[in-house]
Structure formats: C-alpha cells, structure tokens
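In: I need the structure of the sequence given here:
(chains A and B)
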2 protein chains.
Amino acid sequence: MTTEQFNRRYLYLRRLIDARLVSGLKNSEPRDLMQGSRYVLAAPGKRVRPILMILSCEAVGGRVKDAIDAAVAIEMLHNFTLVHDDVMDNAPSRRGRATVHTKWNLNNAILVGDVILGLAYRTFLKSKTNNIRRATEIFTESFIEVCEGQAFDLEYEHRPNISPREYSRMISKKTGKLIASATELGAILGNATPKQTEALRSFGRHVGRAFQIQDDLLDVVANEKDLGKKIGGDIVEGKTTFLLVHALRRSRGAEKARLRKLTTRRATPVAFRHQRQLVKEVTSIYERSGAIEAARTQIRQETVAGVSALDALAPSNSRAMLEWVSAMLVRRTY
Amino acid sequence: MTTEQFNRRYLYLRRLIDARLVSGLKNSEPRDLMQGSRYVLAAPGKRVRPILMILSCEAVGGRVKDAIDAAVAIEMLHNFTLVHDDVMDNAPSRRGRATVHTKWNLNNAILVGDVILGLAYRTFLKSKTNNIRRATEIFTESFIEVCEGQAFDLEYEHRPNISPREYSRMISKKTGKLIASATELGAILGNATPKQTEALRSFGRHVGRAFQIQDDLLDVVANEKDLGKKIGGDIVEGKTTFLLVHALRRSRGAEKARLRKLTTRRATPVAFRHQRQLVKEVTSIYERSGAIEAARTQIRQETVAGVSALDALAPSNSRAMLEWVSAMLVRRTY
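Out: I've put the predicted structure just below:
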C-alpha cells in the first residue's frame, strides 16, 4: 500500500470511530451531563488506540466489525481519563478547547468522566466474541492500571528525585498499558493464536512507550501552533517527564542543583513573565545533559523493537499499516 | 426461621462481604490510592445491596458462591458513588468518618472513586455464570443510571419547583436502580426463570423506593446518635427530598411561599446558630402539609407491593428472609 492509501484508510477508520463515539448520546437529559459528554466525545482526536485495535484485529484475519465496538470503547476509556486528569492537573484547556471543569464546573467534570466510562463498558459489551469475559477483563485491568499510573504521577509531583525506573513504571501504567491492551484486544477479537496475541501485545507495549516519550519530547521541541498549546507546559507545571528524570540523572554538580531548583514543584505558579525564561533554561540543560538525545534514541529503539515483534505475523496490508502508524506516531509534530 | 436466625444469617453474610471487600487490596502502592481505597472499602456498612443479591440468588435455587463476587462488586460500585457524591456535595464526613477528599484531597477522592469502580468490574468478572455478558450489561446500565440520577440531583439544586414525577425519576435512577439490579442479578446468577427474574426485579424496585423515602424521612425523624449525623442535614443543605417535593405540592399560600423561601438553595451556607431553627420550622411544615404522613404511606405501599412480587417464587428460607430484610429496612433508625 502507498502512503496515500494508508492515509486514506486512517482517515476512513477515524471517521468511523468519530461517528460511533457520539452515536449513543441520544438523550438530552440530564442536560449538563449529556452536553458535557457530547462535548468530550465530539472533540477531535487522533484515535490512535482504536485504530491500532482495528488494525491488530485485521492483522490476524479479523474484520473491522469484530473490533469496532471495543475500539470505540477504548477511545471512550481514554477520554474518561482525560476529563478526570484535567481536573486533577487543574488544566484550563486541552488542545485549544476549554476543559469540562472550566466550561461547566468540577461536579460536572467528575460526572461526565464517570458516565463516559459507563458508556465505554456499554459499548465494549456489544463486541461479538466468544471471549467476552476475557476481553472485558483485559479492558478492566487497563482501566485499573491507568488509575494507578495517574496516582503515581500525582505522588511524584511532591518528590524531587524520581528514578528512571520509577518513571518508567508510572508511564507504562498511565499510558503504555492502554495502547498495549488495544493491540492485544484487537488480536483477541480477531481470534488470534496465543503467539499472535503476544506479538501484538509486545508491539503495543513498545509503541506505547515510544509514543509517551515522544509526547514528553514534543513539549520542548515542538512548534506551538502544531502542538495546540504552549511549549514547555510540562516544565512550567513541574511535571515528571522522561526528559527531567534523565537530565537529573545525567547532570552533575551545580547544573544538577540548578535543574532541581528550577523544576521543584512550586507552592505558587510561575509568573507568566518568567515562564519563557524558565522553559529556555531548563530546555538547554535537557540538551546539554543529553536527555533529549536519550529520548530520541529510546523512541527509535522502542519503535524498532515494536516493529520486529510484528514479524511473528504473516505479512498483510494491516500489518504493514501497523508499522506505518507506529512510524507516523514518532514522526508526529503534535 | 426465627428473627434470631435471620439476624445471625444477616451478620454472617455481612462479614463474608466485608472480608471480600478488602481482600483484593494487596498492593501498598501507589500509597494514597491504596490507603484511600482501603479506607473506603473497610468502612462499616449495612451491605444491603449485596445481601439482597445473595438472598435473591438463593431464593431461586442458587448458592452463595454463585453470587458472592457480583455481590461484592455491587457494594464496590455503591461505594464508588459515595466517594464521588461526597466530593460533589462537599460533604466533610459520612457516618461519622471524614470523607476521602477531606482526609486526603480532591485528587485522591476522584482517583479512589475511579479505582474502586475498576475493582468492582474486576470482582464482578470473576462471577461463574454462563450469562456473564448479560450480567455485566445489567451491572453497567445500573452504573450509568446512577450517574444520570446524580446529575438530575445536581440539576434540581438550582431549580425551585421539582415535581413529584421528576423527583421520582431522579431517585429511581440514583438509588432505586442499583437495588433493583442487585435482586435481578441475584436471580440471573442463580439461573432463574424469566418469571422469577421479573419477580425479583420488581421486588428490588419497590424496596429500593421504600428504602430511599425512608432515608429522606430519617433525616427529619431520626435520632441523631443513631443516624450518625445531624438531623435535618438535607434541609440545611437544601436537598431535593421526597418530603420537600410533596410538602411544596401539598401546601398553599403563605405557607408554601415560606417553605420555598426556606428551602431555596443559598449562595452562602446557613450559619450554624440558625440551622436548628431552620430545621424545626421546615419540619413542622412537613408535618402540617401531610408530607411526612405521605412518606410513611408510600413506604408501606412500596413494601407491600415488593413483598407481593415475591409470591411468584416458591416459599423458602431465603424468600422469607428477603421479606424480613425489606421490613427491617423500613423499620431501621439509621
């Protein structure tokens, strides 16, 4: 398949998912709950997880219809985490749109998150498979791990020295697990053999890690317009990222002390006029310490490892497209 | 069976459920999340929903082990709603213990609620039944309805004139549905016939309504020590209750205007020194308008209707105990 064909197919699947995300929202009441849910589920998105699930299903011989309900459900689950995480991070906006707690209020954000999770299970349970128990278990375990990952993330905000190992555990729960579950579920819904399922889970795990490190990297190297938010947001908010954890480990002496001082969670937010200077200084330490290079290297390695896992599957357009998507994800600029 | 035997069996089941509620919490990390979840799930409770589920299962010939996982799961689901509702209601304590957002913080309360829901699904999916898809669907629909009921409740806080019909819809979603699902799921897990399932669902629906009206009633007629919280809390907080809705409908002229004035949601909370007077005055309007008598009548009618639904089942100790539990619930003082 050509790049243009991949792009067309991606767009086709994305539209299919977009339509299904909102098709279950027929009630107009309770008003704030329904409007808030629609607002979240109608927001544009890359739909990475559902598309990886559908392609994984196809790569083992399944069809779109075997995975579509679970695919929409995993995107809903992802959106549930975004709504609640935005509350916890006190984020006023996401990708240029006001967050639910900003546009409505805290209570509606909690409830909208909750009900989207309910809709996720409702949609998931429509999946036509003889393995519904096992599939729902995998779905549930990824939901629990996402909560655990977020809890570690909150905990780390108050600790100055997170090891790369701790960071890796946190991020694999918070982000990696859902992507690995997407590909694993795609395999199961496509009636894969255990070997195929393992290959796709492994692919998902590696791609998930690459995806997250790329996210951390984009926060400092992206173009603001592409990213849809301010560069260095993670730095200003004092978030634990791959770059921070590795820069702290790689730097020494005065530079290390300076970095720790600059990135320690603050009691009061950084004044707007100081943000640009802060981001500039931290970014240059990231560069000098080799953290940025380390991120690029690891993204490359994870992608290669993910793609080699796919060797266990017979060649097919969908397998080729899984490779293409993984390459696209690490080349993305937003 | 004698009352003493019923009491003993209730206690036995309650302890069984209590033990299972916390047995899955083996991890010590993430710390706040795990401690918060344990704090919630180890809190004492009546365990009404899981016990009704187990008895319903037995009443159609099933055994405790057929329903125990789903029973524990529905209690977890109930606890998830309590944690998030307490955040939304800004409640400092529940039954004499600090709420999660008070003891920890908002973020941990959101996450603890979320993860308890995840644990609920994990536990539910252990149920040994050939009907796992249908059972999980019922579980999910009750979860969605609880969210909708809570959303209506929040919406009504800002509307002065809620009709009895609107109140009834809200409360049947917020409280009734979960109890009706408990008895319905008990039937399904016990391999009931459709007729038996319908009988137990109907029983649960009626008992659920009686239970909620009793809750509203206890807020004004209970003893503070039994209740574990201040009498008239619903009045002080301006909550929409059976009593308020019916008193507004039944009163006229100056009294109606006065009641509306006293119960309109306030921008600032009622000063502590005025609370007792407010509760006294509103309670006396509740009495004069006949709302309290109407509550007692409806509780009686719902209980009778619930118990007659059980006639469709063959007599058994468990059927007798379902009757006993429903009677106990409306005689309770807390």
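In: Where does pLDDT dip in the stretch 101-250 of chain A?
Out: The stretch 101-250 of chain A contains residues with pLDDT under 70 at A:227-228.
In: which stretches of it form helices?
Out: A:106-124, A:132-156, A:164-171, A:177-189, A:194-221, A:224-227, A:233-236, A:242-250 (DSSP state H, counting those that start in this stretch).
In: CA atoms only: put the first one into PDB for me.
Out: Translated: helix A:106-124. Output of helix A:106-124 as PDB, limited to C-alpha atoms (Å, rounded to 0.1, in the frame of the first residue of the first chain):
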ATOM      1  CA  LEU A 106     -16.000  20.500  38.900                       C
ATOM      2  CA  ASN A 107     -19.100  18.400  39.600                       C
ATOM      3  CA  ASN A 108     -20.000  18.000  36.000                       C
ATOM      4  CA  ALA A 109     -16.400  17.100  35.100                       C
ATOM      5  CA  ILE A 110     -16.400  14.300  37.700                       C
ATOM      6  CA  LEU A 111     -19.800  13.000  36.500                       C
ATOM      7  CA  VAL A 112     -19.000  13.400  32.800                       C
ATOM      8  CA  GLY A 113     -15.900  11.300  33.300                       C
ATOM      9  CA  ASP A 114     -17.900   8.700  35.200                       C
ATOM     10  CA  VAL A 115     -20.600   8.400  32.700                       C
ATOM     11  CA  ILE A 116     -18.200   8.200  29.800                       C
ATOM     12  CA  LEU A 117     -16.700   5.200  31.500                       C
ATOM     13  CA  GLY A 118     -20.100   3.700  31.800                       C
ATOM     14  CA  LEU A 119     -20.700   4.300  28.100                       C
ATOM     15  CA  ALA A 120     -17.300   2.700  27.400                       C
ATOM     16  CA  TYR A 121     -18.400  -0.500  29.100                       C
ATOM     17  CA  ARG A 122     -21.800  -0.400  27.500                       C
ATOM     18  CA  THR A 123     -20.200  -0.100  24.100                       C
ATOM     19  CA  PHE A 124     -17.500  -2.700  24.800                       C
END
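In: on contacts alone, who are the packing partners of it?
Out: Secondary-structure packing of helix A:106-124 (3 or more C-beta pairs under 8 Å, 6 or more residues apart in numbering or on different chains; DSSP states H and E): helix A:31-41, helix A:64-88, helix A:100-103, helix A:132-156, helix B:64-88, helix B:106-124, helix B:132-156. Yep, even glycine has a C-beta here, placed from its N, CA and C like the rest.
In: about what we covered before: check the helices of the stretch 101-250 of chain A for me and report the most buried one.
Out: helix A:177-189 (a mean of 29; mean count of other C-beta atoms under 10 Å in any protein chain shown).
In: helices or strands next to that one in the packing?
Out: With contacts taken as 3+ C-beta pairs under 8 Å, 6+ apart, helix A:177-189 sits against helix A:48-59, helix A:64-88, helix A:132-156, helix A:194-221.
In: Give me the distance between it and the centre of its chain.
Out: In terms of C-alpha atoms, centre = their mean, to the nearest Å, the centre of helix A:177-189 is found 14 Å from the chain centre.
In: How about stretch A:308-328?
Out: Centre to centre, stretch against its chain (C-alpha atoms, centre = their mean), the figure for stretch A:308-328 is 20 Å.
In: Endpoint to endpoint, that stretch covers what distance?
Out: From its first residue to its last, stretch A:308-328 covers 16 Å (C-alpha to C-alpha, to the nearest Å).
In: Tell me which residues of stretch A:314-324 come out buried.
Out: For stretch A:314-324, burial by neighbour count (16 or more other C-beta atoms under 10 Å in any protein chain shown) applies to A:Ser318, A:Arg319, A:Ala320, A:Met321, A:Leu322, A:Glu323, A:Trp324.
In: wait, doesn't the last one sit right on A:Phe6?
Out: In this case it means A:Trp324. Yes - judged on C-beta atoms under 8 Å, A:Trp324 makes contact with A:Phe6 at a distance of 4.8 Å.
In: Tell me the residues of the stretch 1-150 of chain A that contact chain B?
Out: Selection of the stretch 1-150 of chain A residues close to chain B by C-beta under 8 Å from any C-beta of the partner chain yields A:29-33, A:84, A:87-88, A:106-108, A:110-111, A:113-115, A:117-119, A:121-122, A:125, A:132-133, A:136-137, A:140-141, A:143-144, A:147-148, A:150.
In: which residue sits closest to A:Pro269, ignoring its sequence neighbours?
Out: Distances taken as C-beta to C-beta, 6 or more residues apart in numbering or on different chains put A:Val236 closest to A:Pro269, at 7.7 Å, once the chain neighbours are dropped.
In: so the one you found touches A:Gln277, yeah?
Out: No - applying C-beta under 8 Å, one finds A:Val236 not in contact with A:Gln277, separated by 10.9 Å.
In: quick one: A:Gly62 and A:Gly190, what's the gap?
Out: 3 Å (C-beta to C-beta, to the nearest Å).
In: okay, the two: which has more neighbours?
Out: A:Gly190 (25 against 21; other C-beta atoms under 10 Å in any protein chain shown).
In: ok, that one - contacts?
Out: Counting by C-beta atoms under 8 Å, 6 or more residues apart in numbering or on different chains, A:Gly190 makes contact with A:Ser56, A:Cys57, A:Glu58, A:Ala59, A:Val60, A:Gly61, A:Gly62, A:Arg63, A:Asp66, A:Ala67.
In: how many neighbours does the fourth one have?
Out: Each residue near A:Ala59 was counted by other C-beta under 10 Å, and the total is 28.
In: again with the first one
Out: Per other C-beta under 10 Å, the neighbour tally for A:Ser56 reads 34.
In: If we ignore the residues flanking it in sequence, what's nearest it?
Out: Closest residue in space to A:Ser56, ignoring its immediate chain neighbours: A:Gly186 at 2.8 Å, by C-beta to C-beta, 6+ apart.
In: Next, A:Gln301: secondary structure please.
Out: helix (DSSP: H, G, I helix; E, B strand; the rest coil).
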